[in-house]
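K.L.:
Next comes the sequence, and after it the predicted model I'd like to discuss.
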Amino acid sequence: MLFFMSGASGSGKSAVLPVLRLLLQDVMVYEFDSVGVPVDADTAWRQRTAEYWIRRALIHQQEGKHTLIAGHAQYGEALACPSFPSIEAFAMCLLDCADVVRIDRIRSRDGHDQNASMEMLCWAAWQRMHAVDPQWRPDVIQKGGDLAMQWDRWNSWQRGDPRWKVRVIDTTHLSVEEAAREIALWVQDARGGSGSRVEGG
C-alpha cells in the first residue's frame, strides 16, 4: 500500500520522520525531497518527482512492502500521475497547523523569514481546501504541470465524492511524538481498510 503525507512547510512532515520510522518498521518511509531539489523546482518538477516515488512504491509493492512518502505532492497530483493506476491501494493525509504556529516553526527551524511568507500561508490554505473539494482552484496544480499528468481521472469529481479521501491531521497542539503516533494510527487504520482504489473519471 502507498501512503502520501503532505502539508505546507512547518506542518511537521520532516520532524516526525525519525519517530515514524520507529513506529512503522514494516513500512518503507521516505522524504519526498531526498532525491534532491533543483534551484528551479516548480509544479512540473513536483509532479515528476511524485511519479518517481509512485514507481518506487510499485517496486516495494511487488516485494510485498508498504511505502510512505512525506512531501509536498497533492492528492490530485498523485491520482493524475501516469503510474498511479498500478498502485493496489492508496491513502493520503494532510498535516496542517494554525498559521501563527506554522510561521513560528519555520522561523525556529530556518533561522530566517525566507519561507515564513504570506505565499506559504496561502499554499497551506489551498491545501486545506483541496483536501475536501476537488473543484477548488485545480488550476493551482494543473497550470504549468507536467504534460504526462492524467487530470481527467478526477476532473469531473465534485465535493463529497467518496473517492476523494484525504485525512487531515492537525499538529498545532501536538508534540513531534504525538503527531507521529497520530500518523501511525492513520496508517494502521488505512491498512486495515485496505486503503482506497480510484476508478475512472
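P.N.:
Thanks, I have the structure now.

K.L.:
show me the residues around D33 that make contact.
P.N.:
G71 (CB atoms under 8 Å, 6 or more residues apart in numbering). (C-beta placed from N, C-alpha, C; glycine too.)

K.L.:
could you pull out the strands for this structure?
P.N.:
2-6, 27-31, 66-70, 90-96, 167-170 (DSSP state E).

K.L.:
Could you dump the ones you listed into a markdown table and include distance to G193 and mean neighbour count?
P.N.:
Output for those, formatted as a markdown table (distance: least, CB to CB, whole Å; neighbours: other CB atoms under 10 Å):
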| stretch | distance to G193 | mean neighbour count |
| --- | --- | --- |
| strand 2-6 | 13 | 26 |
| strand 27-31 | 16 | 18 |
| strand 66-70 | 14 | 24 |
| strand 90-96 | 9 | 23 |
| strand 167-170 | 11 | 17 |
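
K.L.:
Ok, which of these comes nearest V140?
P.N.:
The closest of the strands of the chain to V140 is strand 2-6. By CB to CB, the value is 13.6 Å.

K.L.:
what does that closest one contact?
P.N.:
13, 27, 50, 54, 57, 61, 66-75, 78, 87, 89-95, 127, 183, 187, 190, 195.

K.L.:
Pull up the per-residue confidence for R197.
P.N.:
pLDDT, R197: 54.

K.L.:
where does this protein dip in pLDDT?
P.N.:
194-201 (pLDDT under 70).

K.L.:
Which elements pack onto the longest helix anywhere in the chain?
P.N.:
Determined from DSSP state H, the single longest helix within the chain is helix 43-62. Here helix 43-62 touches strand 2-6, strand 27-31, strand 66-70, helix 75-80, going by 3 or more CB pairs under 8 Å, 6 or more residues apart in numbering; DSSP states H and E.

K.L.:
Swap in 10 Å and give it another go.
P.N.:
With contacts taken as 3 or more CB pairs under 10 Å, 6 or more residues apart in numbering; DSSP states H and E, helix 43-62 sits against strand 2-6, strand 27-31, strand 66-70, helix 75-80, helix 139-142.

K.L.:
what's the closest of the ones you listed to A116?
P.N.:
Among those, if distance is taken as CB to CB, the winner is strand 2-6, at 19.3 Å.

K.L.:
That closest one pairs with which strands, and in what direction?
P.N.:
Partner strands and pairing direction for strand 2-6 (DSSP bridges) are strand 66-70 (parallel), strand 90-96 (parallel).

K.L.:
okay, these in JSON lines with distance to I103 next?
P.N.:
Converted to JSON lines, those look like this (distance: least, CB to CB, whole Å):
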{"stretch": "strand 66-70", "distance to I103": "21"}
{"stretch": "strand 90-96", "distance to I103": "14"}
